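Asks: Okay, predicted coordinates and the sequence, questions at the end:
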Amino acid sequence: MENIYPYKILFVEDEKAIRENYVTYLKMFFSEVFEAEDGEKAYELYKSKKPDIMIVDINIPKMNGLELLEKIRENDYSTKAIMLTAHSDKSFLLKAVTLKLTKYLVKPISRKEINEALELTISELLKYDVSPIQKINLSLEYSWNVQLKELKHHNNVIELTNKERNFLGLLFSHKNRVFTYEEIFEHVWGYDESITINGLKNMVKRLRKKLPENTILNIFNEGYKINF
């Protein structure tokens with residue numbers, strides 16, 4: 001990393017010495033750097049400063065890192081997140097999938113590791129056209145409300161199941177991004193071992209009848225993406 005990047009970054013860590021060290025380091029590369037020592041302050045800064053990137057330690061007081069990102073992901077899949085954790089067990093990794101982490105790093109963490117994670121994050125910011133808007137207008141007078149996860153046609157609400165709503169919410173969170181089958185299974189079904197590709201395909205078939213033609217695209221052997 002050699003450039004000053006025009007992104008806002010929020011570093012969340014309760015240990016003061018570690019936090020101050022990394023904040024000083026990050027200011028060498030980012031135009032605006034904010035810091036928080038607990039989850040509640042981090043969430044308030046997230047709402048007021050709208051950071052592009054968050055680096056969050058999992059073990060922070062008042063609201064831990066997982067709870068913080070779960071709250072943010074209720075309406076926002078555009079903010080990039082790197083998780084710092086002492087955990088490497090399967091349950092944490094499965095939970096991490098639902099939070100759309102760009103990277104998780106197991107402590108202790110070197111500057112080389114943090115640099116590589118940030119370079120990957122910046123690459124994602126440059127590569128994907130992320131839509132943070134509240135309403136996405138589709139063809140034929142269809143629309144999707146990002147915050148409410150609500151589909152309308154001619155201003156009439158189209159009935160969706162919770163799984164259909166979560167699936168569309170995931171796809172609409174990133175324009176032009178292909179979401180893998182594994183990501184979809186985890187986000188929509190919570191990694192229920194009983195779900196199959198056929199079950200996903202049946203849901204997509206039902207959804208396509210509620211949307212303009214070619215809104216949901218299947219990418220062979222990869223997954224699904226939204227087209228608008």
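Replies: Arrived safely.

Asks: what's the following helix or strand after the helix or strand of the chain with the lowest mean pLDDT?
Replies: When each helix and strand of the chain is scored by mean pLDDT, DSSP states H and E, strand 129-130 comes last, with a mean of 50. The helix or strand immediately downstream of strand 129-130 is strand 135-137, counting by DSSP states H and E.

Asks: Note down every partner strand of that following strand and its orientation.
Replies: Using DSSP bridges, the strands paired with strand 135-137 are strand 142-145 (antiparallel).

Asks: And the next helix or strand past the partner strand?
Replies: Criterion used, DSSP H and E; the element after strand 142-145 is strand 150-153.

Asks: now this structure, which segments are flagged as low pLDDT?
Replies: Counting by pLDDT under 70, the chain contains low-confidence ranges at 1-3, 87-97, 127-134, 191-193.

Asks: For it, give the helix that spans the most residues.
Replies: Longest helix in the chain by number of residues (criterion: DSSP state H): helix 111-127.

Asks: Mind listing residues that contact that helix?
Replies: 1, 5, 7, 22, 25, 29, 52-53, 55, 80, 82, 102-103, 105 (Cβ atoms under 8 Å, 6 or more residues apart in numbering). For the C-beta atoms, the positions are set from N, CA and C on the backbone; glycine is no exception.

Asks: So for that helix, what gets flagged as buried?
Replies: Across helix 111-127, burial judged by 16 or more other Cβ atoms under 10 Å covers 114, 117, 118, 121, 122, 124, 125.

Asks: which of the contacts of helix 111-127 count as buried?
Replies: 5, 7, 22, 29, 52, 53, 55, 80, 82, 102, 103, 105.
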